[in-house]
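> got a predicted structure here, sequence first:
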Amino acid sequence: MSLIRALYQRSKVLMIVALLANVLSATLGVVLIAMINQSVASGDFHFTGGIPLFVALALALFVSGIVSQDLLNRLGAHIVRELRLMMVRRVLATPLARIERMGGHRIYTLLTNDIGNLSWAFGMVPVIAMNAMIVLMGFFYLGYLSPIYLAATVTLIVVGVGGTQLLLRRMRGLFEENRRRFDELYRHFGAVVHGGKELRINALRERHFLDRMLGPTADQLFHTGLRSDLFGIVSNNWNNLMLFGILGTVIFSSQWISGIGLDVLVGYVLTLIYLRGPISSLVGALPAYTRGQVAMKQFEDLDLIRLEDWREGDQAPPQADESSWSTLSLRDVTYRYPGNDDEFAFRLGPLSLDLEPGELVFFIGGNGSGKSTFAKLVTGLYQPTGGEIRLDGNPIVEENRKWYRNHFTAVFSDFYLFSQVLASSGSHGEDDQVVAYLKRLCLDHKVEVQDGALSTTELSTGQRKRLAFLMAYMEDRPIFLFDEWAADQDPIFREIFYTELLPELRRRGKAVLVITHDDRYFHLADRLFKFENGRPTQLAMGDRPETTEMAAG
Ligand SMILES: Nc1ncnc2c1ncn2[C@@H]1O[C@H](COP(=O)(O)OP(=O)(O)OP(=O)(O)O)[C@@H](O)[C@H]1O
């Protein structure tokens, strides 16, 4: 619930103004009912204060209703907007290892389904606030007309809402069940998007996927969805029963209660009929609220960075001058994937390494030996489980991790390509410079650029990697990291990469870390490390492997 508090605190002023307008509107509604009641019950059919007052109050109700509803809507919309931005920022602020452990599908479900349900619940806040105020004002008037009837009405409503609550408790279980199915559904959606080729090429796999995986999840969602909707429908109609029950009780019991005049009865009936809509809306909002609670629980259960540990200031870009650095040192650094505690689990390190500007360092090793884990560790995406990383003597801790990361530009093996090219300043890259690099990377006949936006990223894998290289070039950080960048390049471009592009970066004083299997080019590195089962060993010149088998082993 701290999330709700945090969101409301940001909109305090808007909330207060909206609620004041709401009180005015609700009061005017009840005053008008009272005037009608007085005129009907007295039998003279004249309004106290005359028609002009009635018209003026009706117009004031019209205007204040619009103002209060609009302000409350704005409040709801504002909160939904804040919620979306805040959740995405929290996902980005959560350590990468935790996000990888959760799985991408859970993040998708969070950002679509859960935020949708929370938004829906927050969207109900204006409805609840407005109607609660009308009901409250109506109750004041009912109490003024007859305290006995008010007590009876409140008792019946409490019993009625209690019945709805029982239904809702059952519904909550169904909502939670539904929500679990949504995680599965999004995992299947991921398979449709990312495994589209494999599903299309193999009809048997496609059938297995549709019948055994997606089908059962869709069926279960269908059944739990229908059942929870039925509970919602029953609960809405329960309200009608409750209200007519109250009206019947009031009218039929009036013969046994002394001192209940026609004016009280008419006033009561008019007010209850007036309140029927608001009460139904209030009770009808409860399922949305329950869905919101289930979504909120998902937010709280996910291993995202805690709201209390997350400050927006942390998101500000680093201010330090990243262009000047002299040593990066890793001392006895180790890393273990979270949750992998058994003795056979993969462990990286301990590794020690000093790096200086203008160095070209290659990392080799077989599959699963720890190269990509090292890439994420040295760039600050993973936090070491042991040892220490220092930049110019400054130990890297939580407070300066973002500053540290900002020294790197990386093309990971599973890179993502944005279509906007950014310069080192963070503004969009100069088109002339981008065009020059496009020519250098032999992409000028394929891709154009305008205001830093690339005309397309729909290219071959090798070409997309060249675009990723271009992005890294333009970002122009002091340390470059390439994880198997050349693996998808043709021989000519591979040669250009190792013999022209990398040496050029080194000449410009960049430190360049290259993860590679290309043994033909190992001699170009200033230093070469070989990973074996998570442990790196620096190879002396004479020890450098010369064959493909050694590079892979
Ligand atoms: N997200 C993860 N969670 C848990 N363990 C992981 C995760 N990613 C990798 N591992 C483990 O870490 C080990 C090293 O993986 P890593 O990706 O660093 O290898 P690599 O040397 O880059 O291999 P390749 O050459 O195949 O890319 C693997 O054996 C794997 O068991």
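On my side now, so go ahead. Numbering: from 1, shown residues only.
> residues in contact with the closest residue in space to residue 371 that isn't next to it in sequence?
Counting by C-beta to C-beta, 6 or more residues apart in numbering, residue 371 lies nearest to residue 515, which is 4.6 Å off, once chain neighbours are set aside. Every C-beta, even on glycine, is put in place using the N, C-alpha and C of the backbone. Counting by C-beta atoms under 8 Å, 6 or more residues apart in numbering, residue 515 makes contact with 362-364, 371-372, 374-375, 413, 481-484.
> from the ligand, how far out is residue 515?
Applying C-beta to the nearest ligand atom, to the nearest Å, the value for residue 515 to the ligand is 7 Å.
> per-residue confidence for that residue?
For residue 515, the model assigns a pLDDT of 96.
> could you check how far it is from residue 395?
25 Å (C-beta to C-beta, to the nearest Å).
> also residue 280?
On the measure of C-beta to C-beta, residue 280 and residue 395 end up 61 Å apart.
> so for those two, which sits in the more crowded spot?
Neighbour count, other C-beta atoms under 10 Å: between residue 280 and residue 395, residue 280 has more, with 17 against 11.
> might you report the residue contacts of the closest residue to residue 370 other than its chain neighbours?
Spatial nearest neighbour of residue 370, excluding adjacent residues (C-beta to C-beta, 6+ apart): residue 534 at 4.2 Å. Neighbouring residues of residue 534 by C-beta under 8 Å, 6+ apart: 346-349, 369-370, 373.
> now with 6 Å, please.
347-348, 370 (C-beta atoms under 6 Å, 6 or more residues apart in numbering).
> looking at those, which is nearest the ligand?
Proximity of the contacts of residue 534 to the ligand was ranked by C-beta to the nearest ligand atom; the top entry is residue 370 with 4.5 Å.
> tell me the mean pLDDT for stretch 372-382?
The average pLDDT within stretch 372-382 is 96.
> quick one: residues in contact with it.
Contacts for stretch 372-382 (C-beta under 6 Å, 6+ apart): 96-97, 335, 348, 401, 404-405, 408, 410, 481, 483.
> pLDDT and secondary structure added to those residues, as a markdown table?
Output for the contacts of stretch 372-382, formatted as a markdown table (pLDDT from 0 to 100; DSSP: H, G, I helix; E, B strand; the rest coil):
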| residue | pLDDT | secondary structure |
| --- | --- | --- |
| 96 | 90 | helix |
| 97 | 90 | helix |
| 335 | 95 | strand |
| 348 | 94 | strand |
| 401 | 89 | helix |
| 404 | 91 | helix |
| 405 | 91 | helix |
| 408 | 93 | strand |
| 410 | 95 | strand |
| 481 | 97 | strand |
| 483 | 96 | strand |
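> now list the buried members of those.
Buried residues within these, counting neighbours by 16 or more other C-beta atoms under 10 Å: 97, 335, 348, 401, 404-405, 408, 410, 481, 483.
> farthest pair in those residues?
401 and 483 (20.0 Å; C-beta to C-beta).
> give me the subset of the contacts of residue 515 lying in helices.
Residues of these located in helices (DSSP state H): 371-372, 374-375.
> any idea how far the closest residue to residue 525 other than its chain neighbours is from residue 485?
Sequence neighbours aside, residue 362 is the residue nearest to residue 525 in space, at 3.8 Å (criterion: C-beta to C-beta, 6+ apart). As judged by C-beta to C-beta, residue 362 and residue 485 stand 12 Å apart.
> cool, residue 170 as well?
Plainly put, residue 170 is 56 Å away from residue 485 if you go by C-beta to C-beta.
> settle it for me: which of these two has more neighbours?
Using other C-beta under 10 Å, the more surrounded residue of residue 170 and residue 485 is residue 485, with 28 against 12.
> how about the more buried one: what's its closest non-neighbour residue?
residue 411 (5.3 Å).
> same check, this time on residue 459
Residue 459 sits nearest to residue 446 (C-beta to C-beta, 6+ apart), 6.2 Å away.
> for the one you found, phi and psi?
Torsion angles at residue 446 (phi, psi; degrees, to the nearest 10) stand at phi -110, psi -40.
> that one: how many residues sit nearby?
Quick note: residue 446 (other C-beta under 10 Å) scores 17 neighbours.
> contacts for stretch 472-479?
Residues contacting stretch 472-479 (C-beta under 6 Å, 6+ apart): 325, 407-409, 411, 421, 423-424, 429, 437, 511.
> now list the buried members of the residues you listed.
325, 407-409, 411, 421, 429, 437, 511.
> among those, which are in helices?
Those of the buried ones among the contacts of stretch 472-479 lying in helices (DSSP H): residue 437.
> spell out the secondary structure type for the closest residue to the ligand within the stretch 451-553 of the chain.
Residue nearest to the ligand within the stretch 451-553 of the chain: residue 531 (6.0 Å; C-beta to the nearest ligand atom). Assigned by DSSP: H, G, I helix; E, B strand; the rest coil, the conformation of residue 531 is strand.
> which ones are touching the residue nearest to it when sequence neighbours are not counted?
Spatial nearest neighbour of residue 531, excluding adjacent residues (C-beta to C-beta, 6+ apart): residue 365 at 3.2 Å. Neighbouring residues of residue 365 by C-beta under 6 Å, 6+ apart: 371, 530-531.
> residue 521: which of those residues is nearest?
residue 530 (14.9 Å).
> now for that closest one, how many residues are close by?
Around residue 530 there are 23 residues (other C-beta under 10 Å).
> do the same with residue 339
By other C-beta under 10 Å, 10 other residues sit near residue 339.
> same check, this time on the one 10 residues further on
By the measure other C-beta under 10 Å, the count of residues near residue 349 is 22.
> that one against residue 336, yeah?
No: taking contacts as C-beta atoms under 6 Å, residue 349 lies outside contact range of residue 336: 9.2 Å.
> list the buried residues of stretch 106-123.
106-110, 113-115, 117-123.
> how about stretch 59-72?
61, 64-65, 67-69, 71-72.
> wait, residue 206 sits on residue 199?
Yes: between residue 206 and residue 199 there is a contact under C-beta under 6 Å: 4.6 Å.
> which one's more surrounded, the two?
residue 199 (17 against 14).
> can you tell me how far the more buried one is from residue 207?
10 Å.
> how far away is residue 113 from residue 107?
According to C-beta to C-beta, residue 113 and residue 107 sit 11 Å apart.
> if you could redo that for residue 132, that was the one I meant.
From residue 132 to residue 107 the distance is 35 Å (C-beta to C-beta).
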